[in-house]
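Asks: just to be clear, the model below is a prediction. Sequence and coordinates:
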Amino acid sequence: MDRLLKIGITCYPSLGGSGVVATELGKLLAEKGHEVHFITHSVPFRLGTFQKNIFYHEVEVNDYYVFRYPPYDLALATKMAQVAKMQKLDLLHVHYAVPHAVCAFLAKQMLGNDMKVVTTLHGTDITVLGQDESLKDLIRLGINESDAVTAVSKDLINETRKVLDITRDIDLTYNFVDKRVYYPRDVSDLRGDFATPDEKILMHISNFRPVKRVSDVVEVFARVSRELPSRLLLVGEGPELPKIQAKIAEMGLEDKVRFLGKQDEIAQVISLADLLLLPSEKESFGLVALEAMACGVPTIGSLAGGIPELIQHGKTGFLAPIGDTETMAKYAVQLLSDDKMTAEFREACLHRSCKDFCNDAITNQYEDIYYRVLGRQ
Ligand code: GMT
């Protein structure tokens, strides 16, 4: 039986957890000897330098003059079919139901052969787009026509069933971190640029969309900074950034908060922190909390979506109701002012990230799903 596969991967290649997971998975599969073909509109941002077994196929959209809106989805479906035919792909693994699962379905129709489609759901495709009546039927089609569907948390599986009335099997495949990249980095020479030795560093990393509730981050920090010498580092950019900057100025916190913008070396950046804040309204998984966990940094998160599947309350972080900044701040002060508790949480974070969310185990899980749909178990 041929264990080495030819796999096409489509994801949103720009910043975002789903793009990170798809790209890292592709790299790990390539390391195991599989041939991986990324089919995306631009090079996935974490792809890095040339690597054996990895290929990139750019989706180019035809701007023909009768098109009022250039049809990206059709260009993607066509490219998927072309690459699948030319490279003799065994399967397409698409991340996000819309449009990717639907494009893969179209590609399969074009090919008229037995190529398989595996779809991974990441969250927003269900929790936001799935609520849109004009898209529901399309998302359901993409999911039901896939040969296997995976989701990144139990909560997302339940949401998919509830929101879209889906009854088919959905595999649970938690997100993962590459332990060779995500480990506590020695940043002692950098730390002094951001805080004095007696100050604690709180951090938030996101795309600054309303769903992340970054203003709660500021409120938690304001409370913490009244109790403990501390600094807040905000990493990332997005639509809420101007509002957040204004709020920080209004609250007189400008001297204690630094904006680091978009950063690539996340393991290095997170290692600067004593605590990560993730007070999201909705989060199917919360990859950044796992990245922090693997670097030994606990998270205070909201009781939203899949966050409680990731953060163990009182062990690797704390959980509080969405919007309850008072409780979040109380936990932050409790943890940051207790060196023994901080050391225990750090150990628990390192242990759990290795044990439950390590790259090897989750890559094997995806491989098993591929072999299953191909009938090669
Ligand atoms: O909302 C984001 O932060 C971006 C989005 C994405 O496309 O990456 O994140 C979703 O997928 C991530 C990877 O599986 C999850 O870690 C995030 O929790 C999920 N975001 C939401 O559910 C809001």
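Replies: Yes, it's here.
Asks: show me what from the stretch 251-377 of the chain comes close to the ligand.
Replies: 282-287, 305 (Cβ under 6 Å from any ligand atom). Backbone N, C-alpha and C define where each C-beta goes, glycine included.
Asks: which two among those are spaced furthest apart?
Replies: 282 and 287 (13.9 Å; Cβ to Cβ).
Asks: more neighbours, those two?
Replies: For residue 282 and residue 287, the more surrounded residue by other Cβ atoms under 10 Å is residue 287, and the numbers stand at 23 against 19.
Asks: pretty sure the more buried one sits against residue 21.
Replies: Yes: the criterion here is Cβ atoms under 8 Å, and residue 287 meets it with residue 21 at 6.8 Å.
Asks: need the residues touching each of these two.
Replies: When contacts are counted by Cβ atoms under 8 Å, 6 or more residues apart in numbering, residue 287 and residue 21 are jointly contacted by residue 175.
Asks: quick one: residues contacting the closest residue to residue 62 other than its chain neighbours.
Replies: For residue 62, ignoring the flanking residues on the chain, the nearest one in space by Cβ to Cβ, 6 or more residues apart in numbering is residue 75 at 6.3 Å. Going by Cβ under 8 Å, 6+ apart, residue 75 touches 59-62.
Asks: and residue 137, how far from the ligand?
Replies: In this view, residue 137 and the ligand are 22 Å apart by Cβ to the nearest ligand atom, to the nearest Å.
Asks: and for that residue, the neighbour number?
Replies: 10.
Asks: with the one 3 residues further on instead?
Replies: Residue 140 is flanked by 17 other residues according to other Cβ under 10 Å.
Asks: now do the contacts for it.
Replies: Neighbour list for residue 140: 164-166 [criterion: Cβ under 8 Å, 6+ apart].
Asks: for it, what is the enclosing helix or strand?
Replies: Per DSSP states H and E: residue 140 is located in helix 133-144.
Asks: show me what counts as buried in that helix.
Replies: Buried positions in helix 133-144, judged by neighbour count with 16 or more other Cβ atoms under 10 Å: 135, 138-140, 142-143.
Asks: over to stretch 83-97?
Replies: For stretch 83-97, the buried set under the neighbour-count rule, 16+ other Cβ under 10 Å, comprises 83-84, 87, 89-97.
Asks: OK, contacts around residue 243?
Replies: residue 215.
Asks: cool, and residue 177?
Replies: Here residue 177 is in contact with 290-291, 294, 353, 357-359 (criterion: Cβ under 8 Å, 6+ apart).
Asks: hang on, the earlier thing: got the contacts of residue 75 as TSV, with distance to residue 264 columns?
Replies: Below are the contacts of residue 75 laid out as TSV (distance: Cβ to Cβ, whole Å):
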residue	distance to residue 264
59	24
60	26
61	27
62	32
